[in-house]
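Enquirer: Requesting a structural model of the entry that follows:
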Amino acid sequence: MRKKSLLLLFLLPIQLLFGQTNLLKDFPEGYKPEEVGKRLAYHFVDGKHMLHIGKWISYPETFTWNGGLKFAALTNDQELVKLLQNRFELLFTTEKALLPIMNHVDVNMFGSLPLELYKITKDQRYLDLGLPYADTQWQLPANAKPKEKEWDQKGYSWQTRLWIDDMYMITIVQTQAYRITGDRKYIDRAAREMVMYLDELQRPNGLFYHAPDVPFYWSRGNGWMAAGMAELLSSLPEDSEYRPRIMHGYLTMMKSLKKYQSSNGLWHQLLDHSDCWLETSGSAMFTFAFIKGVKNGWLDAKEYAPAARKAWMGMVKYIDENNNVKSVCEGTNKKNDKQYYYDRKQNVGDYHGQAPYLWCAVALLEE
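Expert: I've put the predicted structure just below:
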């Protein structure tokens with residue numbers, strides 16, 4: 001009897017853990033990640049381009065495309081893979097002018113997309129197209145400005161600008177290059193850059209001002225950091241000298257995010273202002289970071305799995321009948337004016353929101 005009791009005491013924490021992680025598997029109809037992901041990914045196939053400064057494929061479109069491809073590969077939906085691939089093929093021919101140049105974090109991140117296609121198809125054209133976007137991020141151009149030369153001399157990307165968005169933009173293309181090539185230089189670059197950004201920009205509570213001179217915790221800006229750390233930690237080798245610092249930054253941020261999560265599961269446009277409207281793109285990025293944390297064992301499942309589930313259930317309610325995500329903050333530059341953030345336009349179907357919803361669907365389906 002005593003042995004049986006001891007065995008039950010041993011098994012109880014394991015059962016509780018599985019019970020918590022099951023919260024991220026057992027969803028009702030309409031909320032299942034395979035249903036939601038399919039709706040959003042197929043919707044993207046026929047969507048219009050969202051161009052960067054009216055010229056090139058933008059980062060929100062790139063990341064929605066990436067999310068659709070990952071979902072298609074994970075669910076073995078070959079029809080969807082082909083449709084997304086066909087959309088890309090035009091960039092080799094009639095839409096070649098839309099290929100981004102390689103001179104800024106907001107355009108170099110595009111390389112993550114052809115690298116994702118290479119991962120799925122093994123078509124050499126995608127590797128040849130994608131890898132230079134990662135390489136040129138650390139290759140100082142001849143016409144570099146003094147500040148860009150300074151960053152390069154310190155071993156950081158010459159594209160460094162200390163905007164919190166950068167730690168998804170830089171991370172995603174460098175991490176993709178590492179995943180594809182196995183060359184440690186790519187992930188080490190991203191990790192070293194991330195540590196510097198954390199040291200320079202993270203507040204004691206783990207969150208980030210929109211800018212050092214703009215003391216507001218803007219949702220999507222913080223979302224880029226949360227998602228970027230989750231992506232980086234997912235691939236960063238355990239023996240990396242940078243891993244402890246990044247993990248500390250991630251855990252500190254997750255603790256604050258949990259504190260500011262609203263009762264319906266989402267987060268506010270300004271995280272610490274409960275009278276500010278609920279915003280979906282940042283909320284989806286935080287949810288992605290929670291899901292990755294629980295599934296990788298970085299976060300306590302008992303504490304964070306219910307929060308991740310609540311967030312996902314709340315998020316799905318913001319998808320309309322046309323498969324467009326609602327309440328997505330429009331593109332937003334910094335401004336030292338609180339009312340400016342309250343008054344930002346709430347877009348519908350904006351790729352800033354569609355993308356992280358797809359990331360969450362993929363993260364929920366991954367083992």
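Enquirer: Apart from its chain neighbours, what residue comes closest to the most centrally placed residue in the chain?
Expert: The centroid of the chain falls nearest to Ala227 when counting by Cα atoms, centre = their mean (3.8 Å). The shortest distance from Ala227 to any non-neighbouring residue, by Cβ to Cβ, 6 or more residues apart in numbering, is to Met285 (4.4 Å). The way it works is simple: take the backbone N, C-alpha and C, and place the C-beta from them, glycine included.
Enquirer: measure the one you found to Arg125 for me?
Expert: 31 Å (Cβ to Cβ, to the nearest Å).
Enquirer: just to revisit the earlier point, what does the pLDDT read for the residue nearest to the centre of the chain?
Expert: On the pLDDT scale, Ala227 is placed at 98.
Enquirer: picking up where we left off before, please name every helix or strand in contact with the helix or strand hosting the residue nearest to Ala227.
Expert: Per DSSP states H and E, Met285 falls inside helix 280-296. Judged by 3 or more Cβ pairs under 8 Å, 6 or more residues apart in numbering; DSSP states H and E, the packing partners of helix 280-296 are helix 2-21, helix 219-235, helix 243-260, strand 267-268, helix 301-316, strand 328-329, helix 351-365.
Enquirer: how far off helix 243-260 does it point, in degrees?
Expert: 120 degrees (axes from the mean of the first three to the mean of the last three Cα atoms, to 10 degrees).
Enquirer: can you give me the angle helix 280-296 makes with helix 351-365?
Expert: 20 degrees.
Enquirer: next one: helix 280-296 to chain centre, how far?
Expert: 8 Å (Cα atoms, centre = their mean, to the nearest Å).
Enquirer: Then stretch 234-253?
Expert: Relative to the centre of its chain, stretch 234-253 is centred 16 Å away, using Cα atoms, centre = their mean.
Enquirer: for it, what is the average pLDDT?
Expert: The predicted model gives stretch 234-253 an average pLDDT of 98.
Enquirer: for it, how far is the first residue from the last?
Expert: Taking Cα to Cα, to the nearest Å, stretch 234-253 runs 16 Å from one end to the other.
Enquirer: And for stretch 151-171?
Expert: End to end - Cα to Cα - stretch 151-171 spans 17 Å.
Enquirer: what is the mean pLDDT for that stretch?
Expert: pLDDT averaged over stretch 151-171 gives 97.
Enquirer: List the buried residues for that stretch?
Expert: 151-152, 156-160, 163-171 (16 or more other Cβ atoms under 10 Å).
Enquirer: Same check on stretch 48-55?
Expert: So, applying 16+ other Cβ under 10 Å, buried residues of stretch 48-55: 50, 52.
Enquirer: send the alpha carbons of it over as CSV?
Expert: What follows is stretch 48-55, C-alpha atoms only, in CSV (Å, rounded to 0.1, in the frame of the first residue of the first chain):
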residue,chain,number,x,y,z
LYS,A,48,-3.1,41.3,-52.6
HIS,A,49,0.5,42.2,-52.1
MET,A,50,1.4,44.5,-49.2
LEU,A,51,4.4,46.4,-50.4
HIS,A,52,7.2,48.1,-48.5
ILE,A,53,7.2,51.8,-49.4
GLY,A,54,5.1,50.9,-52.4
LYS,A,55,8.0,49.0,-54.0
